[in-house]
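Engineer: here is a sequence together with a model predicted from it:
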Amino acid sequence: MTKLNVQIGGAAFTATLEENPAADAFAELLQSAPVIITMRDYSGFEKVGALGATLPADDSQLTTHAGDIVLYGGDQIVLFYGSNSWSYTRLGKVDDLSGWEDALDGDDVSVTFSMD
């Protein structure tokens, strides 16, 4: 299982990546350098931000939950602190949600994604 580091302000989380082409491409992108994304709140249940690259999407109808990390439109990363049903490609899931909702509270947040 491949692990992803997610840093939101002073809060650090790990996530387990899915086994699919989009997650593999995301991990490959992060091998060279961390990616920092400014993410905006959307509808009070998710944060969305542009990746700046396009990953191989395989969208399907999903019901997401807090801690899910998904790809939307091939080039948008979405972090959920609530639930939604829409067409996404799963990228990963946060391992421990302690402090997750607090870290994503407010309007825009800067999120750093990295690999060890």
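Structural biologist: Nice, I can see it.
Engineer: show me what contacts residue 115?
Structural biologist: Applying CB atoms under 8 Å, 6 or more residues apart in numbering, we find residue 115 in contact with 2-5, 27, 30-31. Just so you know, the C-beta spots here come from the backbone N, C-alpha and C atoms, and that holds for glycine as well.
Engineer: kindly report the same for residue 47.
Structural biologist: 39-41, 78-79, 81, 104, 109, 111.
Engineer: let me know the outermost residue of the protein.
Structural biologist: For the chain, the residue at maximal distance from the C-alpha centroid (CA atoms, centre = their mean) is residue 32, at 18.1 Å.
Engineer: tell me the backbone dihedrals of that one, please.
Structural biologist: For residue 32, the backbone dihedrals (degrees, to the nearest 10) come out as phi -80, psi -40.
Engineer: for the one 4 residues further on, same thing?
Structural biologist: With angles defined as degrees, to the nearest 10, residue 36 shows backbone torsions of phi -110, psi 130.
Engineer: where does the residue nearest the centre of the chain sit, in terms of helix or strand?
Structural biologist: Closest residue to the average C-alpha location of the chain: residue 69 at 3.4 Å, with CA atoms, centre = their mean. Assigned by DSSP states H and E, residue 69 falls within strand 68-72.
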